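A.B. asks: next come a sequence and a model predicted from it.
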Amino acid sequence: MGRLLAGLARVLAVLLAGGVLGALIGGVGGRVVMYLLIRLSPEAGGVTSDDGFEMGRFTLDGSLNLVVVCTVLGVVGAVVYLIIRWLLFGPWWFRVLSVTLAAGVGVGNIIVHADGVDFSLLQPALVSVLAFVAIPAAYGAALTVVAERWILAAWPVPPETGAVGRATLWVLRAVALAVGVLSLVDLAGKTAVVA
């Protein structure tokens, strides 16, 4: 029972860390990025974004809304991290890099779109794309470091056991890599269209 409660406490701590990092990196960091991008493209000021917000208009209500949404998304990201943690392998730096790239490319590909006004008006487009890839990448890196170094350090991933277990993990890793490569190709295509 004590091990179960300790495990549950670790999971809750990772979820809390995900929410806090989502609020700070996605919410506050996202607002700073939006401010800088509108300064680079003042002609986009006043235009309604694809998400229904007026570009260049920063309100307390809008900023708090972004922080709350990013907090929830941060918790969702922490759940995803707890699931994919079992697929990570290699030295610590490689696991951090893997999650950083996966979060940046995967979530960045969801955010960036070639149609609409967001990435066509915010120029230079490459800077806009890189900014919205960098935010989830920074979240992925920060969550991995916080989770592995401070929360889950005493909760190692069990070793791969048996030929079937090893084969299953490598198949899942290959699928994750294929999805990541397809997402990167799609992101590159979108970037080429808007740039």
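C.D. replies: Perfect, thanks for sending it.
A.B. asks: how about the longest helix seen in the chain: buried residues?
C.D. replies: In the chain, taking DSSP state H as the definition, the longest helix is helix 162-194. Buried residues in helix 162-194, defined by neighbour count with 16 or more other Cβ atoms under 10 Å: Ala176, Gly180, Ser183, Leu184, Leu187, Lys190, Thr191, Val194. In short, each C-beta sits where N, CA and C put it, glycine included.
A.B. asks: apart from its neighbours in sequence, what residue is nearest the spatially most central residue of the chain?
C.D. replies: For the chain, Pro136 is the residue whose C-alpha lies nearest the centre (Cα atoms, centre = their mean; 2.9 Å). Spatial nearest neighbour of Pro136, chain neighbours left out: Val107 (3.5 Å); criterion: Cβ to Cβ, 6 or more residues apart in numbering.
A.B. asks: looking at it, the one you found is touching Leu101, isn't it?
C.D. replies: No. Checked against Cβ atoms under 8 Å, the pair Val107 and Leu101 is beyond contact range at 11.1 Å.
A.B. asks: what about the two, which has more around it?
C.D. replies: Val107 (22 against 16; other Cβ atoms under 10 Å).
A.B. asks: phi, psi for that one please.
C.D. replies: phi -70, psi -40 (degrees, to the nearest 10).
A.B. asks: now swap in Val145 and tell me
C.D. replies: Backbone geometry at Val145, expressed as degrees, to the nearest 10, gives phi -60, psi -50.
A.B. asks: what kind of secondary structure is the spatially closest residue to Ala23 that is not a sequence neighbour in?
C.D. replies: Leaving aside its chain neighbours, Ala23 sits nearest to Thr71 (4.3 Å; criterion: Cβ to Cβ, 6+ apart). Secondary structure for Thr71, judged by DSSP: H, G, I helix; E, B strand; the rest coil, is helix.
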